[in-house]
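# Give me the fold of what follows.
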Amino acid sequence: MCWSGQLSTKLNCAITGNGRGSIYLCNLSSHWTENLSGEEQAVHTVVSVIVLEPYRLQLTFDDGFTKVVDLRPLLYGPVFEPLLDPQHFAEVNVDPVLGTIVWPNGADLSPEFLYDYEPEPALES
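Predicted coordinates for the structure are as follows:
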């Protein structure tokens, strides 16, 4: 097995060659990660996105789970601030290789984060 980081995509790997020029062949099997107890669990990927209104998206994951997320609280910093422009925000797409949503300026959010994301409730005044 090959691993790339603590939370990573699991790969199936095999060594090929005669020992002097051996190479590793790795094929993507499925997305996996380890939880805190060391158990493997599937990482769900985003398969579709619909822009509902500025900063709100409807996301569908590979297991059929659909949710609406309000990303406005996350749009700060040099990568995400351009998305405060509703026209730029609406340019969101699903990258099938990454399995998550991306924007043309390079902004993206991990599918694990999006699957579990629940914004903090607004403070009442």
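
# Show me the protein divided up by domain.
Under automatic domain parsing, the residue ranges defining each domain of the chain are 10-42, 46-116.

# Going by mean pLDDT, which of those comes out lowest?
Sorting the domains of the chain by mean pLDDT places domain 10-42 lowest, at a mean of 45.

# can I assume Val94 is in contact with Val49?
Yes: applying C-beta atoms under 8 Å as the test, Val94 and Val49 come out as touching, 5.4 Å apart. Glycine gets a C-beta too; all of them are placed from N, C-alpha and C.

# hey, which helix is longest across the protein?
Secondary structure of the chain per DSSP state H: the longest helix is helix 111-116.

# tell me the contacts of Arg111?
Quick fix: residue 111 reads Pro, not Arg. Counting by C-beta atoms under 8 Å, 6 or more residues apart in numbering, Pro111 makes contact with His31, Val43, His44, Thr45, Val46, Phe61, Leu98, Gly99, Thr100.

# For this protein, just list every one of the strands.
According to DSSP state E, the chain carries its strands in the segments 10-16, 23-30, 32-34, 40-42, 46-53, 56-61, 66-70, 93-95, 100-102.

# ok, now how distant is the nearest residue to Gln58 once chain neighbours are set aside from Ser110?
Nearest residue to Gln58, sequence neighbours excluded (C-beta to C-beta, 6 or more residues apart in numbering): Ile50, at 4.3 Å. Using C-beta to C-beta, to the nearest Å, we find Ile50 at a distance of 19 Å from Ser110.

# of those two, who's got more company?
Counted by other C-beta atoms under 10 Å, Ile50 and Ser110 do not tie: Ser110 has more neighbours, with 16 against 12.

# which residues touch that one?
Listed by C-beta under 8 Å, 6+ apart, the contact set of Ser110 reads Thr100.

# just to revisit the earlier point, please point out which parts of the longest helix of the chain sit buried.
Neighbour counts over helix 111-116 (16 or more other C-beta atoms under 10 Å) mark Pro111, Glu112, Leu114, Tyr115 as buried.
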